[in-house]
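Peer 1: model this:
(2 chains)
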Amino acid sequence: MNSKIKKIEYYLPENILTNIQLEKEFAGWSAKKIETKTGIKERHIVKDNETAFDLGFEAAKKGLANYDKEKIDFVLFCTQSTEYYLPSSACILQDKLGLRTDIGAFDYNLGCSGFIYGLAMAKSFIQSGIANNILLITSETYTKHIHAKDKSNRTIFGDGAAATIIEESEQNGIFDFSLGTNGSGYKNLIVPNGGLRKRYDYNAQEIDDGSGSIRTANNLYMNGPEIFNFTIDVVPKVVSNVLEKNNTTLDEIDYVIFHQANKYIIEYLRKKIKIAKDKFYINMLHTGNTVSATIPIALRDCLDDKIIKEDDKILIVGFGVGYSWGGTIIEI
Amino acid sequence: MTIDGLIEELKEIFELEDVELTEATNLKDLEEYDSLSVLSIIAMIDENFGKRLSSKDLQSITTVKSLMELIGMDSFE
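Peer 2: You can find the predicted model right below:
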């Protein structure tokens, strides 16, 4: 049985952090430079009492509007900003969304590759007859983990959630995948404290990274150079693996959407892989890097702006924290 | 690439139009040295020298000369 993406909707929190605000907070940080280099002008940020669960719930409500929610028979919820250690947010969402109780639901913990893995699971659940209509929610609030004085990460990341409905279909709309993992890089994008290995430390020391950003071990840490090196190594290979697995070439692909990490990085990857500029998406102007939500947000915007249309072959690739990566080709 | 070519690339990264940049300039003293310019250095070295700088390499860099040594002096025309 084939599968296809039926709907995509997203939700961004109301609060906005602009480059101008960042420029005021951090001496020497220029609003214009941020926009030129990262492609980000503003990002949406959750309030203190707002969580990834809330964003996911709002996105799911939008996704289920004008949709017979009785049809949903599986919920996948992807976040690294979980509501509770237990239970799974997906279980609470089943109830809050008023979904059937004879359905499967669970959370999974992935970042920038999360949407790709969600599609891979949805496709295989449908193929194997486990489910027919799957609600995939990718929701992230990295700003919860970021230190207030961390100039670099506050610049890059924004919060957001997307809800994607994947249905059983006669036509194949989700092609073969290339997935990958290299846990040797796990320390390069991490929130060290707060789990059970290293508990949250109320007396954590501030660490100055030497280029104007401060954090503690309770906060998100990203080794920018190593993450960039990882993407340079891995992304060209994923692209060629996905093309090879699906017996196709870049020329036959109508449009390419990478995880919107930051403009500088993905533009560099585009040039390195030799993807034509007119079929490559770069837009994180109003969202920043929303981690597992960037690809579905990009897909929704591309559909709205008629950048992509029905039956276009779209190559999508996610890569980041883990390290974890994956890619596939879809037709919407 | 020539040494002058490298210096031109660095001037572009650090947006130094009228400021002199020499082999003795300490890159970390430049006002524009930040997490974004570091990514630009990685990309520039990868593109022009096919060499990848690790975060440790980047930490060890001080002057333009030290960057040249890291790339390898025999890489320059």
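Peer 1: Identify the residues contacting the helix or strand where residue B:56 lies?
Peer 2: Using DSSP states H and E, residue B:56 sits in helix B:55-60. If you take CB atoms under 8 Å, 6 or more residues apart in numbering or on different chains as the criterion, helix B:55-60 is touched by A:223-226, B:38, B:41-42, B:66, B:70. Glycine gets a C-beta too; all of them are placed from N, C-alpha and C.
Peer 1: ok, now with 6 Å
Peer 2: A:223, A:225-226, B:38, B:70 (CB atoms under 6 Å, 6 or more residues apart in numbering or on different chains).
Peer 1: Same check on stretch A:288-303?
Peer 2: By CB under 6 Å, 6+ apart, the list of residues contacting stretch A:288-303 from outside reads A:8, A:10, A:40, A:43, A:78, A:111-112, A:114-115, A:138, A:140, A:142, A:156-158, A:160-162, A:164, A:257, A:259-261, A:281, A:308, A:316.
Peer 1: Among those residues, which lie within strands?
Peer 2: Assigned to strands by DSSP state E, the following of the contacts of stretch A:288-303 qualify: A:8, A:10, A:43, A:78, A:138, A:140, A:160-162, A:164, A:257, A:316.
Peer 1: of those residues, closest to residue A:180?
Peer 2: Residue A:180 lies nearest to residue A:316 out of the ones in strands among the contacts of stretch A:288-303, by CB to CB, at 14.6 Å.
Peer 1: any idea how far residue A:168 is from the closest one?
Peer 2: 20 Å (CB to CB, to the nearest Å).
Peer 1: So for the two, which residue has more residues nearby?
Peer 2: residue A:316 (23 against 17; other CB atoms under 10 Å in any protein chain shown).
Peer 1: Quick check: bridge partners of residue A:135?
Peer 2: For residue A:135, the beta-bridge partners are residue A:75, residue A:165 (DSSP bridges).
Peer 1: which residues sit in contact with it?
Peer 2: A:72, A:75, A:165.
Peer 1: Give the burial count for whichever residue of the stretch 201-332 of chain A sits closest to chain B, as a bare number.
Peer 2: Closest residue of the stretch 201-332 of chain A to chain B, CB to the nearest CB: residue A:225 (4.2 Å). A count of nearby residues for residue A:225, using other CB under 10 Å, gives 22.
Peer 1: Helices of the chain, residue ranges please.
Peer 2: No chain specified, so I'll use chain A. Applying DSSP state H to chain A gives helices spanning A:19-25, A:31-38, A:52-64, A:89-96, A:114-127, A:151-156, A:224-245, A:263-273, A:294-304.
Peer 1: my bad, the chain I had in mind was chain B
Peer 2: Under DSSP H, chain B gives helices at B:3-13, B:35-49, B:55-60, B:64-71.
Peer 1: With mean pLDDT and mean neighbour count as extra columns, can I get the ones you listed in JSON lines?
Peer 2: Shown next, in JSON lines, are those (pLDDT from 0 to 100; neighbours: other CB atoms under 10 Å in any protein chain shown):
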{"stretch": "helix B:3-13", "mean pLDDT": "92", "mean neighbour count": "16"}
{"stretch": "helix B:35-49", "mean pLDDT": "92", "mean neighbour count": "19"}
{"stretch": "helix B:55-60", "mean pLDDT": "92", "mean neighbour count": "15"}
{"stretch": "helix B:64-71", "mean pLDDT": "94", "mean neighbour count": "17"}
